[in-house]
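> got a predicted structure here, sequence first:
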Amino acid sequence: MRLHILASAVIFGLGAATLAVSAKGDDGSREQTFRQLDLFADVLTRIESDYVTDPDKAELIESAIDGMLQALDPHSSYLSPDDFQDMQVSTRGEYGGVGIEVTIRDDMITIISPIADTPGERAGLESGDRIIAVDGESMLGADMNDAVDRMRGPAGEPVILTIAREGVDPFDVTVVRDIIEVRAANWRMEENDTPYLRITTFNEHTTENVMAGVRDLTAAYGGPLPGLVLDLRSNPGGLLDQSVSVSSLFLDGGEVVSTRGRDPRDTQRYNADPGDMLNGAPIVVLINQGSASASEIVTGALKDRERATVLGLTSFGKGSMQTVIPLRGGRDGALRLTTARYYTPAGVSIQATGILPDIAISGRRIDPEAPQRFTEADLRNSLGNETGEERAEIDTEAVEQPPEDWPEDEDYQLSRALEVLQAMMARDQAALER
């Protein structure tokens, strides 16, 4: 049945395109589409009858759909039902689980650390513990996804972890799962009482996390914040609405971003609400080549609206928006389809080019001979910028780099961002005292 549904989905999708072409009177294109459908059916029939083993027909169809979408651009894809569910979990920012961060070390699932105030921490799990079985099933040689899937589950249900800990015999720990929230923002006071807030992803809780961070920093400072370093480095993005609402926290109304699909008449504009949580206090935004998508929307909005100074390296350059379209309510997975480009308040598309910082600073010494980090422009089938503009090469002479004796374990970009913000705060304070 699943094969029939998926095959029908392919044929229906192509058929709909055929009908659209036919409505325009292009009979040649209509006939060509039908010939391609016949070709697809011929190939599938030959595989079914002649392949050396009996193939998984559902897997063949899923692969065909995925290949069709990947031929469009690197961000359009087919999500299987399991992948669709995983995507929903990641965007919700919470899941039922035990609350531990894990990695693979020496081919074994190893706990990096238990998350504070979660069942994992309360059960006494420790950094370095190795999970050798889950509910009696061996995890030796298991991949990360399999281990995580087995440990996740509905809140209130127990899971038995068999732990290998150095110096003791393996033992079982029963952990009752709970709702684990992935905190999208972290904050602290840096040197000289300088507020710092980092956003790591844009899930459903990002805006409320950022608001909590600003409130906590305000309480720690003892009054209205005099400024903020907003760190968006290596933030891969996430939900559009969260990028808009986070930008809105630091803007007093006005445009944040606009999106345009194939038909220019479908332009949508997203505006900030009145009220700036920082009341105009200076902001320094930190970006690098890993800052993409939603983090570029925030950066572009604050830069174009002259609300922040951007420091770091040119961002990733993902200026497209994807729409997730469930198939049969998600029972057959979903399509993740690129449906629009987005534009900063100045009307600029950053697709494949990225956002240039106001102050170009590298976190490490640049080796001209070393390969540069991949960006949107390097991805296969990536969309070009509609203006024809290409991503600029890094001009090493124009980029400030750490001194040769700078310690590797110290964050040079952050250090410079703090210096820039402190100078801006001192300038504002001097203006108030005149």
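Sure, I can see it.
> residues near R215, how many?
Using other CB atoms under 10 Å, R215 has 12 other residues around it. Quick note: C-beta positions are derived from backbone N, CA and C, even for glycine.
> offset the numbering so it begins at 482, please.
All right, first residue 482 from here; so that's R696.
> how far is stretch 568-575 from where the chain is centred?
Stretch 568-575 sits 11 Å away from the centroid of its parent chain (CA atoms, centre = their mean, to the nearest Å).
> and the helices in the stretch 582-731 of the chain?
Remark: helices assigned in the stretch 582-731 of the chain by DSSP state H, counting those that start in this stretch are 600-603, 625-632, 687-702, 721-730.
> so which bits of the third one are buried?
Yep, that's helix 687-702 we're talking about. Buried residues in helix 687-702, counted by 16 or more other CB atoms under 10 Å: 687-688, 690-691, 694-695, 698.
> over to stretch 755-763?
Those would be 757-759, 762-763, for stretch 755-763 by 16+ other CB under 10 Å.
> now that stretch: mean pLDDT?
On average, the pLDDT along stretch 755-763 is 97.
> what's the end-to-end length of it?
One end of stretch 755-763 sits 18 Å from the other (CA to CA, to the nearest Å).
> equivalent analysis for stretch 793-805, please.
The first residue of stretch 793-805 is 32 Å away from its last residue (CA to CA).
> how about it: buried residues?
In stretch 793-805, counting by 16+ other CB under 10 Å, buried: 793-803.
> repeat that for stretch 553-561.
Neighbour count says stretch 553-561 has 554-561 buried, by 16+ other CB under 10 Å.
> want to throw the helices of the stretch 582-731 of the chain into CSV with mean pLDDT?
Shown next, in CSV, are those (pLDDT from 0 to 100):
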stretch, mean pLDDT
helix 600-603, 93
helix 625-632, 87
helix 687-702, 98
helix 721-730, 98
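> A545 is nearest to which of those helices?
helix 625-632 (23.4 Å; CB to CB).
> what residues does that closest one touch?
Under the contact criterion CB atoms under 8 Å, 6 or more residues apart in numbering, helix 625-632 has outside partners 578-579, 581, 583-585, 590, 612, 615-616, 618, 620, 640, 642.
> put the alpha carbons of that helix into CSV.
Presented in CSV, the C-alpha positions along helix 625-632 are these (Å, rounded to 0.1, in the frame of the first residue of the first chain):
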residue,chain,number,x,y,z
MET,A,625,24.5,7.6,17.2
ASN,A,626,21.0,7.8,15.7
ASP,A,627,20.1,4.3,16.8
ALA,A,628,21.2,4.9,20.4
VAL,A,629,19.4,8.3,20.6
ASP,A,630,16.2,6.8,19.2
ARG,A,631,16.2,4.0,21.8
MET,A,632,16.8,6.4,24.7
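> out of the contacts of helix 625-632, who's the most crowded?
V579 (29 neighbours).
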